[in-house]
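Novice: Structure for the following, please:
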Amino acid sequence: MTKEDRKVRNFKMKWILYAFLLIFVLYLVIQAVRCIQGINEAREKINSYKVKTAELSYGPMTYIDEGEGEVILSVHGLFGGYDQAYENIKNRIGQNRLLAPSRFGYLGSAVLGDGTPKEQAAAYVELLDHLGIDQVFILGTSAGGTPAIRFALDYPERVKGLILYCSAMPVTEKPEKFLEYQAAPEPLLSDYAMYLISPLLPSLFGMPASTVRTIQPIADRKTGVLLDGKFTNPDMERNFDQYPIETLKVPVLILHSEDDPVASFEKVRNAQHRFPILTLVTFPVGGHMMVGHRAEIDKALDDFINQNQ
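Specialist: Numbers count the residues shown, from 1 in each chain. Presented below is the predicted three-dimensional model:
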């Protein structure tokens with residue numbers, strides 16, 4: 001290669017690098033604009049809900065309470081709040097009374113003690129007593145499955161049925177090792193960081209990139225995410241002996257997609273024998289939130305609630 005050829009090659013490489021840098025900077029700017037728009041839209045949507053606040057013994061719990069009929073207590077997952085707890089079951093508004101609280105550290109809900117699943121379950125009892133509700137069908141979505149299971153174990157007299165909706169599952173034996181923190185690392189707990197990684201959501205979690213809009217504003221959910229990472233998500237592994245699933249006295253409905261990339265279906269397959277009274281409804285595809293199966297899910301919920309009301 002001649003000296004002139006090397007000069008031409010270096011010149012081309014330099015402009016290719018500049019082009020990549022320009023594209024990267026444009027991506028950062030575009031995502032920043034989208035992030036700001038997303039935060040504004042998210043706050044408008046949050047303010048549109050008919051939210052109530054219960055002043056409990058340890059502090060406030062925010063919640064939505066709508067509809068009539070058998071009560072479904074909706075326990076949301078990671079990056080959630082009363083909005084997601086409500087959205088997960090809002091199509092049931094014509095058949096059920098929907099109780100959708102924010103868990104500890106999410107959207108204005110205070111924290112009892114350390115914020116463990118056991119303390120979350122105790123807080124739900126306080127909320128039910130505050131509202132004069134005796135029994136509920138408790139529905140745990142994703143990470144919300146752990147406090148829902150804890151509630152059913154600790155307060156079976158308050159539970160007509162336990163519904164695990166693309167939920168975390170109990171392990172079959174105490175692991176020798178487990179992750180002490182199971183959530184997004186703290187540096188990612190910002191709206192802008194989440195927008196930057198949003199194109200990866202479909203491949204990593206089977207959810208559309210637009211999902212990032214449903215978890216904004218992250219500042220109002222960050223405390224809850226950190227608590228879930230430290231206490232909620234590792235709890236069934238850390239405290240295996242405190243989850244005697246075989247002693248559950250309430251009927252259980254599990255709804256799950258076999259291709260769920262977040263809450264692995266393999267864990268459902270391994271744990272199902274531990275539930276004494278189980279109805280299992282699965283879908284070959286659907287991702288983490290069982291997309292495309294609303295009619296089948298509604299029928300399964302109708303059947304389960306009618307059989308156990």
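Novice: At which residues are the helices of the stretch 51-200 of the chain located?
Specialist: Secondary structure of the stretch 51-200 of the chain by DSSP state H, counting those that start in this stretch: the helices cover 82-87, 117-131, 145-154, 191-197.
Novice: Pick the most deeply packed of the ones you listed.
Specialist: helix 145-154 (a mean of 26; mean count of other C-beta atoms under 10 Å). (Each C-beta comes from the backbone N, C-alpha and C, glycine too.)
Novice: What is that one packed up against?
Specialist: Using 3 or more C-beta pairs under 8 Å, 6 or more residues apart in numbering; DSSP states H and E, the elements in contact with helix 145-154 are strand 71-75, helix 117-131, strand 136-141, strand 159-165, helix 235-238.
Novice: and Ala300, backbone torsions?
Specialist: phi -60, psi -40 (degrees, to the nearest 10).
Novice: ok, it touching Val281?
Specialist: Yes - using C-beta atoms under 8 Å, Ala300 makes contact with Val281 at a distance of 4.6 Å.
Novice: what do the two both touch?
Specialist: Residues touching both Ala300 and Val281 by C-beta atoms under 8 Å, 6 or more residues apart in numbering: 253, 255.
Novice: low-confidence ranges in the protein?
Specialist: Low-confidence segments of the chain (pLDDT under 70): 1-11, 203-206.
Novice: distance of the residue nearest to the spatial centre of it from Ile36?
Specialist: With distances taken as C-alpha atoms, centre = their mean, Gly77 lies nearest the centre of the chain, 1.9 Å away. For Gly77, the distance to Ile36 (C-beta to C-beta, to the nearest Å) stands at 26 Å.
Novice: can you tell me how far the residue nearest to the centre of the chain sits from Met207?
Specialist: Here Gly77 is placed at a distance of 12 Å from Met207 (C-beta to C-beta).
Novice: now do Arg221
Specialist: Distance, Arg221 to Met207, by C-beta to C-beta: 16 Å.
Novice: These two - which one has more neighbours?
Specialist: More crowded of Arg221 and Met207, by other C-beta atoms under 10 Å: Arg221, with 24 against 18.
Novice: next one: phi and psi at the more buried one?
Specialist: Dihedral angles of Arg221 (phi, psi; degrees, to the nearest 10) stand at phi -120, psi -10.
Novice: give the contact list for Ala263.
Specialist: Each residue near Ala263 by C-beta under 8 Å, 6+ apart is listed here: 142, 145, 166-169, 256, 288.
Novice: can I get the residues you listed in JSON lines with distance to Glu66?
Specialist: Shown next, in JSON lines, are the contacts of Ala263 (distance: C-beta to C-beta, whole Å):
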{"residue": "Ser142", "distance to Glu66": "22"}
{"residue": "Gly145", "distance to Glu66": "23"}
{"residue": "Cys166", "distance to Glu66": "23"}
{"residue": "Ser167", "distance to Glu66": "23"}
{"residue": "Ala168", "distance to Glu66": "26"}
{"residue": "Met169", "distance to Glu66": "29"}
{"residue": "His256", "distance to Glu66": "27"}
{"residue": "His288", "distance to Glu66": "25"}
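Novice: biggest separation within those, which pair?
Specialist: Met169 and His288 (13.5 Å; C-beta to C-beta).
Novice: These two: who's more crowded?
Specialist: Between Met169 and His288, Met169 has the larger neighbour count (other C-beta under 10 Å), namely 25 against 20.
Novice: what helix or strand is the closest residue in space to the more buried one that isn't next to it in sequence on?
Specialist: The shortest distance from Met169 to any non-neighbouring residue, by C-beta to C-beta, 6 or more residues apart in numbering, is to Lys267 (4.1 Å). Assigned by DSSP states H and E, Lys267 falls within helix 265-271.
Novice: Just give me the longest helix of the protein.
Specialist: Longest helix in the chain by number of residues (criterion: DSSP state H): helix 3-48.
Novice: Return the list of helices and strands in contact with that one.
Specialist: Short answer (3+ C-beta pairs under 8 Å, 6+ apart): helix 3-48 packs on helix 191-197.
Novice: got a list of contacts for the helix it packs on?
Specialist: The contact list for helix 191-197, computed with C-beta under 8 Å, 6+ apart, reads 28, 31-32, 34-35, 38-39, 187-188, 212, 215-219.
Novice: List buried residues within these.
Specialist: By neighbour count, with 16 or more other C-beta atoms under 10 Å, these hold 31, 34-35, 38-39, 212, 215-218 as buried.
Novice: for those residues, which one is nearest Ile305?
Specialist: The nearest member of these to Ile305, counting by C-beta to C-beta, is Ile215 at 28.7 Å.
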